[in-house]
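Asks: Got a predicted model here, sequence first, then my questions.
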Amino acid sequence: MNIFYCPIITTDQVTLDEAESQHAVKVLRLVAGDRIILFDGQGGKYEGEIDQPHHKKCVVKITKKENTPKRPFHLHIAIAPTKMNDRMEWFLEKVTEIGIDEITPVICERSERKVTNHDRFEKVLIAAMKQSMNPWLPVLNDQVDLKLFLEKSPPGFIAHCMETKKTPLKKCDLHQEKITILIGPEGDFTEGEVVMASDKGWMPVSLGESRLRTETAGIVACHTVNLLKE
(Lines give C-alpha, C1' and ligand atoms only; values in the text may rest on other atoms or scores of the structure.)
Protein backbone atom coordinates (compact mmCIF):
# COMPACT_ATOMS: atom_id res chain seq x y z
CA MET A 1 0.00 0.00 0.00
CA ASN A 2 1.08 3.59 -0.59
CA ILE A 3 2.38 5.52 2.41
CA PHE A 4 1.45 9.09 3.34
CA TYR A 5 2.54 11.45 6.11
CA CYS A 6 -0.04 12.95 8.43
CA PRO A 7 1.49 14.42 11.62
CA ILE A 8 -1.76 14.92 13.52
CA ILE A 9 -4.14 11.96 13.80
CA THR A 10 -6.56 12.24 16.71
CA THR A 11 -9.79 10.79 15.29
CA ASP A 12 -10.79 7.95 12.98
CA GLN A 13 -11.08 10.39 10.09
CA VAL A 14 -8.27 12.66 8.92
CA THR A 15 -7.60 15.05 6.06
CA LEU A 16 -4.28 14.92 4.23
CA ASP A 17 -2.51 18.21 3.58
CA GLU A 18 -2.52 19.66 0.07
CA ALA A 19 0.81 18.13 -1.00
CA GLU A 20 -0.11 14.62 0.15
CA SER A 21 -3.66 14.98 -1.20
CA GLN A 22 -2.37 15.97 -4.63
CA HIS A 23 0.06 13.06 -4.65
CA ALA A 24 -2.72 10.64 -3.71
CA VAL A 25 -5.40 11.89 -6.08
CA LYS A 26 -3.57 13.53 -8.99
CA VAL A 27 -0.38 11.44 -9.18
CA LEU A 28 -1.43 8.01 -7.91
CA ARG A 29 -5.05 8.47 -9.00
CA LEU A 30 -6.42 6.86 -5.85
CA VAL A 31 -10.18 6.70 -5.53
CA ALA A 32 -12.71 6.13 -2.75
CA GLY A 33 -12.18 2.74 -1.14
CA ASP A 34 -8.49 2.46 -1.97
CA ARG A 35 -6.42 1.40 1.03
CA ILE A 36 -3.35 3.35 2.19
CA ILE A 37 -0.94 3.61 5.14
CA LEU A 38 -0.35 6.75 7.18
CA PHE A 39 2.68 7.60 9.32
CA ASP A 40 2.43 10.33 11.95
CA GLY A 41 6.21 10.62 12.40
CA GLN A 42 5.93 9.70 16.09
CA GLY A 43 5.88 5.93 15.75
CA GLY A 44 2.25 5.66 14.73
CA LYS A 45 1.36 3.52 11.71
CA TYR A 46 -2.25 3.66 10.53
CA GLU A 47 -4.12 1.73 7.91
CA GLY A 48 -7.02 3.47 6.26
CA GLU A 49 -9.04 3.90 3.12
CA ILE A 50 -9.79 6.88 0.95
CA ASP A 51 -13.20 8.24 1.93
CA GLN A 52 -13.42 11.52 0.03
CA PRO A 53 -10.77 11.86 -2.70
CA HIS A 54 -9.87 15.50 -3.36
CA HIS A 55 -6.62 16.90 -4.73
CA LYS A 56 -6.40 19.55 -1.98
CA LYS A 57 -8.08 17.89 1.02
CA CYS A 58 -8.28 14.14 0.69
CA VAL A 59 -10.23 12.59 3.55
CA VAL A 60 -9.11 9.21 4.89
CA LYS A 61 -10.98 6.85 7.24
CA ILE A 62 -8.68 5.14 9.77
CA THR A 63 -9.30 1.41 10.16
CA LYS A 64 -6.28 0.19 12.15
CA LYS A 65 -3.48 1.60 14.29
CA GLU A 66 -0.09 0.23 15.35
CA ASN A 67 2.63 1.84 17.46
CA THR A 68 6.34 1.28 16.91
CA PRO A 69 8.22 1.84 20.20
CA LYS A 70 11.03 4.37 20.20
CA ARG A 71 14.43 2.71 20.32
CA PRO A 72 16.33 2.79 23.64
CA PHE A 73 18.95 5.33 22.53
CA HIS A 74 18.91 8.72 20.85
CA LEU A 75 21.35 9.49 18.04
CA HIS A 76 21.94 13.14 17.21
CA ILE A 77 24.28 14.20 14.41
CA ALA A 78 25.28 17.85 14.17
CA ILE A 79 26.82 18.43 10.76
CA ALA A 80 28.16 21.32 8.71
CA PRO A 81 26.02 21.79 5.56
CA THR A 82 27.78 20.88 2.33
CA LYS A 83 28.35 23.40 -0.44
CA MET A 84 26.18 21.40 -2.84
CA ASN A 85 22.65 20.90 -1.53
CA ASP A 86 22.22 17.53 -3.23
CA ARG A 87 25.04 16.07 -1.14
CA MET A 88 23.42 17.27 2.08
CA GLU A 89 20.08 15.89 0.94
CA TRP A 90 21.76 12.55 0.19
CA PHE A 91 23.10 12.52 3.75
CA LEU A 92 19.65 13.25 5.18
CA GLU A 93 18.06 10.51 3.10
CA LYS A 94 20.59 7.82 3.98
CA VAL A 95 20.83 8.46 7.72
CA THR A 96 17.03 8.40 7.93
CA GLU A 97 17.06 5.00 6.23
CA ILE A 98 19.81 3.74 8.56
CA GLY A 99 18.27 5.16 11.73
CA ILE A 100 18.70 8.59 13.31
CA ASP A 101 16.71 10.65 15.81
CA GLU A 102 17.91 14.23 15.49
CA ILE A 103 19.90 16.36 13.03
CA THR A 104 21.32 19.85 13.46
CA PRO A 105 23.02 21.84 10.68
CA VAL A 106 25.95 23.70 12.29
CA ILE A 107 27.74 26.63 10.71
CA CYS A 108 31.52 26.55 11.21
CA GLU A 109 34.33 28.95 10.30
CA ARG A 110 35.14 26.98 7.13
CA SER A 111 31.56 26.21 6.14
CA GLU A 112 31.06 26.71 2.42
CA ARG A 113 27.32 27.07 2.87
CA LYS A 114 26.01 29.45 5.50
CA VAL A 115 22.26 29.21 4.79
CA THR A 116 20.14 26.05 4.66
CA ASN A 117 16.63 25.39 3.38
CA HIS A 118 14.80 23.90 6.36
CA ASP A 119 11.56 23.19 4.48
CA ARG A 120 13.37 21.39 1.66
CA PHE A 121 15.38 19.28 4.13
CA GLU A 122 12.18 18.40 5.99
CA LYS A 123 10.61 17.10 2.76
CA VAL A 124 13.66 14.91 2.12
CA LEU A 125 13.35 13.43 5.62
CA ILE A 126 9.65 12.73 5.17
CA ALA A 127 10.24 10.98 1.84
CA ALA A 128 13.04 8.89 3.36
CA MET A 129 10.88 8.00 6.37
CA LYS A 130 8.15 6.69 4.09
CA GLN A 131 10.58 4.85 1.82
CA SER A 132 12.29 3.11 4.74
CA MET A 133 8.98 2.11 6.37
CA ASN A 134 10.12 3.63 9.67
CA PRO A 135 7.28 5.65 11.25
CA TRP A 136 9.67 7.81 13.30
CA LEU A 137 10.55 11.12 11.62
CA PRO A 138 13.93 12.53 12.67
CA VAL A 139 13.87 15.92 14.39
CA LEU A 140 15.43 18.58 12.16
CA ASN A 141 16.66 21.56 14.15
CA ASP A 142 17.25 25.01 12.74
CA GLN A 143 20.80 25.77 11.70
CA VAL A 144 23.02 27.19 14.43
CA ASP A 145 26.54 28.58 14.75
CA LEU A 146 29.01 26.07 16.15
CA LYS A 147 29.95 28.22 19.14
CA LEU A 148 26.32 28.54 20.24
CA PHE A 149 25.73 24.84 19.68
CA LEU A 150 28.68 23.94 21.91
CA GLU A 151 27.48 26.32 24.62
CA LYS A 152 23.99 24.82 24.74
CA SER A 153 24.62 21.12 24.07
CA PRO A 154 25.91 18.46 26.46
CA PRO A 155 29.27 17.07 25.30
CA GLY A 156 29.45 14.22 22.83
CA PHE A 157 31.94 13.17 20.16
CA ILE A 158 33.70 15.38 17.61
CA ALA A 159 35.09 13.77 14.45
CA HIS A 160 37.96 15.69 12.87
CA CYS A 161 41.03 15.08 10.69
CA MET A 162 43.73 16.83 12.70
CA GLU A 163 46.84 14.81 13.60
CA THR A 164 46.07 14.57 17.28
CA LYS A 165 45.14 11.72 19.59
CA LYS A 166 41.70 10.34 18.72
CA THR A 167 39.75 7.21 19.57
CA PRO A 168 38.12 5.27 16.73
CA LEU A 169 34.38 5.71 17.11
CA LYS A 170 33.88 1.96 16.68
CA LYS A 171 35.95 1.39 19.85
CA CYS A 172 34.13 3.94 22.00
CA ASP A 173 31.94 2.89 24.89
CA LEU A 174 28.55 4.19 23.78
CA HIS A 175 26.70 3.37 26.97
CA GLN A 176 24.90 6.70 27.23
CA GLU A 177 21.27 7.03 26.21
CA LYS A 178 21.86 10.14 24.08
CA ILE A 179 24.77 10.13 21.63
CA THR A 180 25.74 13.31 19.80
CA ILE A 181 28.35 13.34 17.04
CA LEU A 182 29.74 16.52 15.52
CA ILE A 183 30.84 16.47 11.86
CA GLY A 184 32.73 19.40 10.34
CA PRO A 185 32.81 21.02 6.88
CA GLU A 186 34.89 19.93 3.87
CA GLY A 187 37.90 21.91 5.10
CA ASP A 188 37.51 20.36 8.57
CA PHE A 189 37.15 22.23 11.85
CA THR A 190 39.75 24.86 12.63
CA GLU A 191 42.21 24.15 15.41
CA GLY A 192 40.44 26.73 17.54
CA GLU A 193 37.08 25.00 17.07
CA VAL A 194 38.53 21.63 18.07
CA VAL A 195 40.12 23.16 21.16
CA MET A 196 36.86 24.91 22.04
CA ALA A 197 34.95 21.63 21.79
CA SER A 198 37.59 19.73 23.76
CA ASP A 199 37.51 22.33 26.53
CA LYS A 200 33.77 21.71 26.84
CA GLY A 201 34.24 17.97 27.20
CA TRP A 202 33.75 16.76 23.63
CA MET A 203 35.70 13.57 22.89
CA PRO A 204 37.75 13.53 19.64
CA VAL A 205 37.09 10.47 17.47
CA SER A 206 38.15 9.11 14.11
CA LEU A 207 35.92 7.43 11.55
CA GLY A 208 38.65 5.39 9.84
CA GLU A 209 41.89 5.83 7.95
CA SER A 210 40.44 7.53 4.87
CA ARG A 211 39.68 11.24 4.65
CA LEU A 212 35.92 11.36 4.17
CA ARG A 213 33.65 13.96 2.64
CA THR A 214 31.33 15.64 5.12
CA GLU A 215 28.21 13.75 4.08
CA THR A 216 30.09 10.43 3.95
CA ALA A 217 31.48 11.01 7.44
CA GLY A 218 27.97 11.65 8.73
CA ILE A 219 26.68 8.42 7.22
CA VAL A 220 29.63 6.39 8.53
CA ALA A 221 29.11 7.82 12.02
CA CYS A 222 25.39 7.01 11.89
CA HIS A 223 25.99 3.47 10.68
CA THR A 224 28.74 2.84 13.25
CA VAL A 225 26.58 3.88 16.19
CA ASN A 226 23.64 1.80 15.00
CA LEU A 227 25.87 -1.27 14.69
CA LEU A 228 27.39 -0.77 18.14
CA LYS A 229 24.00 -0.27 19.78
CA GLU A 230 22.35 -3.34 18.23
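Replies: Received, thanks.

Asks: Can you tell me which residue is spatially central in the protein?
Replies: residue 138 (4.2 Å; CA atoms, centre = their mean).

Asks: Give me the pLDDT value at the residue lying closest to that residue once chain neighbours are set aside.
Replies: Leaving aside its chain neighbours, residue 138 sits nearest to residue 100 (5.1 Å; criterion: CB to CB, 6 or more residues apart in numbering). To be clear about C-beta, it is placed using only N, CA and C from the backbone, and glycine gets the same treatment. With respect to pLDDT, residue 100 has a value of 98.

Asks: Settle this for me: residue 100 is touching residue 137, isn't it.
Replies: No: Residue 100 is beyond contact range of residue 137, at 10.4 Å (criterion: CB atoms under 8 Å).

Asks: Of those two, which one has the most company?
Replies: The neighbour count for residue 100 versus residue 137, taken as other CB atoms under 10 Å, is higher for residue 100 (27 against 21).

Asks: Can you pull the phi/psi pair for that one?
Replies: phi -150, psi 150 (degrees, to the nearest 10).

Asks: Stretch 66-76: which residues count as buried?
Replies: Applying a neighbour-count criterion of 16 or more other CB atoms under 10 Å, the buried positions in stretch 66-76 are 73, 75-76.

Asks: Switch those residues over to a markdown table; also include pLDDT, secondary structure and distance to residue 107.
Replies: Below are these laid out as a markdown table (pLDDT from 0 to 100; DSSP: H, G, I helix; E, B strand; the rest coil; distance: CB to CB, whole Å):
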| residue | pLDDT | secondary structure | distance to residue 107 |
| --- | --- | --- | --- |
| 73 | 95 | coil | 27 |
| 75 | 98 | strand | 21 |
| 76 | 98 | strand | 17 |
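
Asks: now, which of those residues sits nearest residue 34?
Replies: When the buried residues of stretch 66-76 are ranked by distance to residue 34 (CB to CB), residue 75 comes first, at 35.8 Å.

Asks: This protein: helices as residue ranges?
Replies: Using DSSP state H, the helices found in the chain span residues 18-22, 85-98, 118-132, 146-152, 191-199, 214-228.

Asks: Mind listing residues that contact the second one?
Replies: Pointing back at helix 85-98 there. By CB atoms under 8 Å, 6 or more residues apart in numbering, the residues outside helix 85-98 that reach it are 77, 79, 81-82, 103, 105, 113, 116-117, 120-121, 124-125, 127-129, 131-132, 134, 138, 213-215, 218-219, 222-223, 226.

Asks: Report the inter-axis angle for that helix versus helix 214-228.
Replies: Between helix 85-98 and helix 214-228, the angle comes out at 10 degrees (axes from the mean of the first three to the mean of the last three CA atoms, to 10 degrees).

Asks: quick one, helix 85-98 and helix 118-132 angle?
Replies: Going by the same axes, to 10 degrees, helix 85-98 makes 40 degrees with helix 118-132.

Asks: for the fifth one, same thing?
Replies: When the same axes, to 10 degrees is applied, the directions of helix 191-199 and helix 118-132 differ by 60 degrees.

Asks: Please list the residues outside stretch 220-230 that contact it.
Replies: Here stretch 220-230 makes contact (CB under 8 Å, 6+ apart) with 71, 73, 75, 77, 94-95, 98-100, 159, 169-170, 172, 174, 179, 181, 183, 207-208, 212.

Asks: Could I have the buried ones of these as PyMOL selection syntax?
Replies: Buried subset of those, written as a PyMOL selection, criterion 16+ other CB under 10 Å:
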select buried, resi 73+75+77+94+95+98+99+100+159+169+179+181+183+207+212
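
Asks: Just the contacts of stretch 220-230: which are in strands?
Replies: 75, 77, 159, 179, 181, 183 (DSSP state E).
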